[in-house]
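**Student:** coords please:
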Amino acid sequence: MRARIASAGSGAVSVELADGAGGPVLSVGSLTMRPVSAGQLESAAAGGGGSGRLFELCWVAAPVVDELPAEASVLSWESFQQSAIAPDASDVPDAVVFEVSGALGEVVPGVYAAIHRVLTVVQSWLAQPVDAVLVVVTRGAVGLAGEAVADLAGAAAWGLVRT
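**Tutor:** Below is the predicted model of the structure:
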């Protein structure tokens, strides 16, 4: 990750983040810092401060795509692991899909085992020099408005991968 911070005038800065290949990750036109007291932080953490808070998780449904473009290549994580594709090979897939399965058996040990598996896959992926996208698929990991979370292991995986 590379960061570029520059003055944006009147106490503000602009911030641009790029990945290792130089692709844009984040762009902030103007960021202004201001002091915050411990009391203000405590009030915000306790839910005070009114509706102007920025602490919100908002689910936006993505449109369902029935078919991938003909030129897109996708492998499952298992197929990718078995294929031993060289990083400079012409048959590198566009995406590799890892499906998180729900916890089996008792909840706590099952969630732990599922998260350990997800962490192992993500660490293995990050160690790969392959130029492809890892897609981590969960089902029931996030409750939509009025719905409960159906898969605790998936929810934990969702949180882990987002960090």
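**Student:** just the pLDDT for Gly47.
**Tutor:** Here, the pLDDT recorded for Gly47 equals 66.
**Student:** what's the next secondary structure element after the helix or strand of the chain with the lowest mean pLDDT?
**Tutor:** Taking mean pLDDT, DSSP states H and E as the measure, the chain has helix 38-45 as its least confident helix or strand, at a mean of 82. Scanning the chain past helix 38-45 towards its C-terminal end, the next helix or strand to appear is strand 74-76 (assignment: DSSP states H and E).
**Student:** what are the contacting residues of that following strand?
**Tutor:** The list of residues contacting strand 74-76 from outside it, by C-beta atoms under 8 Å, 6 or more residues apart in numbering, reads Leu68, Ser83, Pro93, Asp94, Ala95, Val96, Val97, Phe98, Glu99. (Each C-beta comes from the backbone N, C-alpha and C, glycine too.)
**Student:** host element of the third one?
**Tutor:** Secondary-structure assignment from DSSP H and E places Pro93 in no helical or strand segment.
**Student:** for it, grab the count of nearby residues.
**Tutor:** Other residues within reach of Pro93 by the criterion other C-beta atoms under 10 Å amount to 18.
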